[in-house]
Every structure is written in structure tokens, then in C-alpha cells.
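Participant: the following comprises the amino acid sequence and a computationally predicted model.
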Amino acid sequence: MADEEEKTEDATSKKISDARNDGNVPKSAEVPGAAILFFCSIYLLFFAGPAFDDIRKMMFYVFSFIGKDFDSSAYYAITNTVISTVLTSLMPLFMMSVIFAIAFNVMQFGFIIVPIKLKFEKLNPISGIKNVFSLKKILEALKLTAKLAIIFVVMLVILAITKDDILAMMDTQVIGSIPILIKLASYFIASILFIIIIFAIIDYFFTRHYYFKQLKMSKQEIKEEHKQMEGDPLVKGRIRQIQMKMSRQRMLKDVSEADVVITNPTHYAVALKYQKEQANAPIVVAKGIDFLALKIKDIARDNKIPIIENPAMARALHDQLEIEQEIPKEFYEAVAEIFTYVYELNKKGR
């Protein structure tokens, strides 16, 4: 019993679908962040030339006010220029960030709309404390600490390598130091980008592994889910019995309206009915073997319906036709002879 309760089985498609409908999906927060940083860096390196020119012109414009009288009109002009230039220059980066954040989340788990559900148990402070100290949160904290530590070490290494450029920048005019700042920024961005991408790849696979591990099921849970999807076999069997009983009762009721019953003579019985205005050929209104065949013959006797013994015909009609099905053409001649005989009996009052 203990083995059955162990969650050793992979999650079924239904459990994964239910988790998805509840908003529980394998989402790595590192992947969108790394994608945004990567593509924005590509944009800055190869496509942001006009934006850099605008920012450079803005800086020259602001520096031109150094040493001049600063009044309200100058303050307004500087503020307006800075805000409009920054917004215009950074708008592509902002749009790219939004687009890639949505795109890389959709790539991870598809597009879903989760209805908002108020869960008051989440307001429980004890549950909140347990969540903070959960294994997943601890691993997230360790991962963040490791990432920051590696970035800090890499930055120290870069500072050590570029210390000569940094010292030279101190003896350079502000405008002349801009290329050195861009160079240093490129080193820092490239290094940090590389570290973040590596961590994003690791986090993506870790998140999916942890997610599917969390959804693992016990064998008993799989059995219960199968019962819910397919229905309890006992209940289904009971329903089937009731349906068969009702169908049998309805069929036996129709025997009283049949024109003839063909038997073999004890094991098989097939009741036929022919109405020219409703069908092109006689139809089977009832059929059965053994006990049910005897019941059909009893009802036929009670309603004075002719019973014709024809073993081959009875077996063939029973095996090949269903209730309310017209007889096929290959039986027309044999059945026609039986109906002719029945009509003759009716004429004679027998």
C-alpha cells in the first residue's frame, strides 16, 4: 500500500491539462529576461546609431548651458529636450522588451487565459511563511546568490583588465570620455549577458524538471483518474443492465404487433412485421435465443400471431439483422413465401 501511494508515475495528460487550466505551468522567469537583454543588446550594437546620435546631441545641448545664467526658460528647454530625446530613443527598447517578454513566455507554455480566483487561504501568514521557506524558494535564493556572486567576480576581473582605460578617462574631457565609457559598458554588458543566458538555460531545464516532478502521480491516483474519465465499471455495468432490460421490455412489447414469428423451433425466435406504407420490406421487431426466444413465442401465442418453424431462416435472420432493420434482398423470396403462407392461414381463420 505504501508503494502505491509513492508518486512514481509520470503525470497524465489530464493532470497536466488541469494544472494548465489552473495557471500552473512550467515558467522560467530567467528566459524572458535573458531574451530581452540579448535582443536589446543586439539592437544597441547594430541598430541604435540614430538613437545614440540623438543622445549625443542632447548631451552637447545640455553641456552648452554650463557657465551660463540658468533661468526658468533654460530649465524648461533642457527638461523638454531630455525627456523627448530619452523617450524617443528608448521607445524601441521598451517595445522590444514588451514583445519579447510576451513571446518567450508564450514559447514556454503557450497562450493561456486564467480566470482570477480569490483564494483566502493564501492570506494565512503561516502558509506564507511555509511558502517562503519551501525547497523551491530556497533553490531560487541560492541560484540568485550564485548568479550575483559570479557577476560580481566577473566585474572585478573586467575592472582589473580595463583599469588603464579607466585611469586615462579621468584625465580626459567629458566629451572625450564617452567612447571609453561605451567601450567599458560593452565589456560589462557582454559579460553579464553571457552569464545570464547560461543561467537562463539552466533555469529553463530545472524549472521543467521540477514542474513535472511536482505533478508526478501515484498508481492509485492514476486509477482514480481513469475511473473519473471512463466511469466506474460497476456503475457502467449497472447502467448497461438497466438499458438492456428497458430495451428488452420494449422489444417484447412490440412482439404483440408482429405479423409472424420464425423459430428453429426452440433456441431461436425472430418476430417480423410488414407495413407497406412505412417500409419497403418486413422489419425485425424482436429477436432472441433460449429463454428470450421462449418468451417471444409465449407472447405470440397470447396474441394469436403465427409461429413458423424454419431453423435455417431463424438463425440467419437472428445473426445478420438488428432490431428495426429491414430484411435484405437475399431474404425476400424466402420471407415472401412465409408471409404468403401466413396470409393463407389468416384467410382460413387459422
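Facilitator: Nice, I can see it. Numbers count the residues shown, from 1 in each chain.
Participant: just the CA trace of the host helix or strand of Leu317, in CSV.
Facilitator: With secondary structure defined by DSSP states H and E, Leu317 is part of helix 311-320. Below are the C-alpha coordinates for helix 311-320, written out as CSV (Å, rounded to 0.1, in the frame of the first residue of the first chain):
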residue,chain,number,x,y,z
PRO,A,311,-34.4,-23.3,-38.3
ALA,A,312,-32.1,-22.0,-41.1
MET,A,313,-34.2,-18.8,-41.6
ALA,A,314,-34.5,-18.1,-37.9
ARG,A,315,-30.8,-18.5,-37.3
ALA,A,316,-29.8,-16.4,-40.3
LEU,A,317,-32.2,-13.5,-39.5
HIS,A,318,-31.1,-13.5,-35.9
ASP,A,319,-27.4,-13.4,-36.7
GLN,A,320,-27.5,-10.9,-39.6
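Participant: tell me what it is packed against?
Facilitator: Where contact means 3 or more C-beta pairs under 8 Å, 6 or more residues apart in numbering; DSSP states H and E, helix 311-320 is packed against strand 260-263, strand 268-273, strand 283-289, helix 332-347. For glycine as for every other residue, the C-beta is placed from the backbone atoms N, C-alpha and C.
Participant: neighbouring strands for the first one, and are they parallel or not?
Facilitator: Using DSSP bridges, the strands paired with strand 260-263 are strand 268-273 (antiparallel), strand 307-309 (parallel).
Participant: domain parsing for this protein?
Facilitator: Structural domains assigned to the chain are 26-111, 118-230, 235-347, following automatic domain parsing.
Participant: that older thread, among the helices and strands packed on helix 311-320, which is the most enclosed?
Facilitator: Each of the helices and strands packed on helix 311-320 was assessed for mean neighbour count using mean count of other C-beta atoms under 10 Å. The highest is strand 268-273, with a mean of 26.
Participant: report the buried residues of the helix or strand hosting Ile166.
Facilitator: Following DSSP H and E, one finds Ile166 within helix 163-170. Using 16 or more other C-beta atoms under 10 Å as the burial criterion, the residues of helix 163-170 that qualify are Met169.
Participant: who are the packing partners of that helix?
Facilitator: Against helix 163-170 (3+ C-beta pairs under 8 Å, 6+ apart) you get helix 178-214.
Participant: just checking, what packs against the helix it packs on?
Facilitator: Other helices and strands packing on helix 178-214, by 3+ C-beta pairs under 8 Å, 6+ apart, are helix 30-46, helix 135-161, helix 163-170.
Participant: go through whichever helix or strand comes after that helix and flag the buried ones.
Facilitator: Proceeding C-terminally, helix 178-214 gives way to helix 219-230 as the next helix or strand, assigned by DSSP H and E. Within helix 219-230, the residues scored as buried using 16+ other C-beta under 10 Å are 221-222, 225.
Participant: can you put those residues in TSV and add distance to Val157 and pLDDT?
Facilitator: As requested, the buried residues of helix 219-230 are exported to TSV (distance: C-beta to C-beta, whole Å; pLDDT from 0 to 100):
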residue	distance to Val157	pLDDT
Glu221	51	85
Ile222	52	83
Glu225	54	78
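Participant: report pLDDT for Ala200.
Facilitator: At Ala200 the predicted local distance difference test score is 90.
Participant: for Phe70, find the nearest of the helices and strands packed on helix 178-214.
Facilitator: helix 163-170 (26.8 Å; C-beta to C-beta).
Participant: which strand residues bridge Met217?
Facilitator: Here Met217 sits in beta bridges with Glu9, going by DSSP bridges.
Participant: list the contacts of it.
Facilitator: 7, 9-12, 15, 225 (C-beta atoms under 8 Å, 6 or more residues apart in numbering).
Participant: so how far is Tyr210 from it?
Facilitator: Distance check for Met217 against Tyr210: by C-beta to C-beta, to the nearest Å, it reads 16 Å.
Participant: and of the contacts of Met217, the nearest to His318?
Facilitator: The closest of these, once distances to His318 are taken by C-beta to C-beta, is Glu225, at 40.9 Å.
Participant: can I assume the closest one is in contact with Ile16?
Facilitator: No. Taking C-beta atoms under 8 Å as the contact criterion, Glu225 and Ile16 are not neighbours in contact, 11.6 Å apart.
Participant: how many other residues sit next to His209?
Facilitator: With neighbours defined by other C-beta atoms under 10 Å, the count for His209 comes to 11.
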